[in-house]
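[1] Just to be clear, the model below is a prediction. Sequence and coordinates:
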Amino acid sequence: MKRFLGRDLKPYIEDQKLVAAVADGSQQAFAKIVKKYEMMIAKVAIGMLGNKADADDVGQETFIRFYRSVGQFKGDSSLGTYLSRITINLSLNELKKRKSKRWLSFEDKFNSHPKTEDAFKQSDTAELVNKALEKLESEFRSVIVLRLMQGFSTKETAQILELPLGTVLSRLSRAQEKLRVIILDLEK
């Protein structure tokens, strides 16, 4: 398979074929896209919103919006990047609506996992990080979620957020410093 800039083009080409099929009305192609990207979209939404129910709603709305506007997807970025951008925008809209609400409670996660000492340590760390993320402004939170938690490259993060690369690097640096200060304060 051909490679471009060190990347395998097969997934990109497969996505382009699926998008074209969806544009032609194929429900099967749409189902394949949903199956391929639903976990990634869920992780981005949960990272942004912290609440699984709201994240599920945003995830569903992401795919609905994609389906309704499939003709607008030009392939300038990968399909994953495009869907992530929709998810981030919907998540930011949701955050604006519910500024007064609290961040994710980890009780559901605690109840679904064995209560070993390591599990408690991990859950304590996760809770601390999420409390810190709650206090972080959304412009910094989105960079942390995409770049560090979801593993997107800096370039992909810039594309998703529609920001210059330098702005992403600056926000990432500032966000990490802000998180460090917040976590130190929370540990007191």
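    Received, thanks.

[2] Which positions in the host helix or strand of K35 come out as buried?
    Under the criterion of DSSP states H and E, K35 resides in helix 27-49. By neighbour count on 16 or more other CB atoms under 10 Å, the buried set for helix 27-49 is 29-30, 32-34, 36-37, 40-49. Every C-beta, even on glycine, is put in place using the N, C-alpha and C of the backbone.

[3] what does whatever helix or strand comes next after that helix contact?
    Next along the chain after helix 27-49, taking DSSP H and E as the criterion, comes helix 52-68. Here helix 52-68 makes contact (CB atoms under 8 Å, 6 or more residues apart in numbering) with 22, 30, 33-34, 38, 41-42, 45-46, 48-49, 73, 82-83, 86-87, 90-91, 94, 98, 104, 108.

[4] Helix 52-68 vs helix 27-49, what angle?
    140 degrees (axes from the mean of the first three to the mean of the last three CA atoms, to 10 degrees).

[5] For helix 52-68, C-alpha coordinates in CSV please.
    Only the C-alpha atoms of helix 52-68 are listed here, as CSV (Å, rounded to 0.1, in the frame of the first residue of the first chain):
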residue,chain,number,x,y,z
LYS,A,52,-21.1,9.6,30.4
ALA,A,53,-24.7,10.4,29.8
ASP,A,54,-23.9,13.8,28.3
ALA,A,55,-21.0,12.3,26.4
ASP,A,56,-23.3,9.6,24.9
ASP,A,57,-25.6,12.4,23.8
VAL,A,58,-22.8,14.3,22.2
GLY,A,59,-21.5,11.1,20.6
GLN,A,60,-24.9,10.4,19.0
GLU,A,61,-25.3,14.0,17.9
THR,A,62,-21.8,13.9,16.3
PHE,A,63,-22.8,11.0,14.1
ILE,A,64,-26.2,12.6,13.3
ARG,A,65,-24.5,15.8,12.3
PHE,A,66,-22.0,14.0,10.2
TYR,A,67,-24.7,12.0,8.4
ARG,A,68,-26.8,15.1,7.7
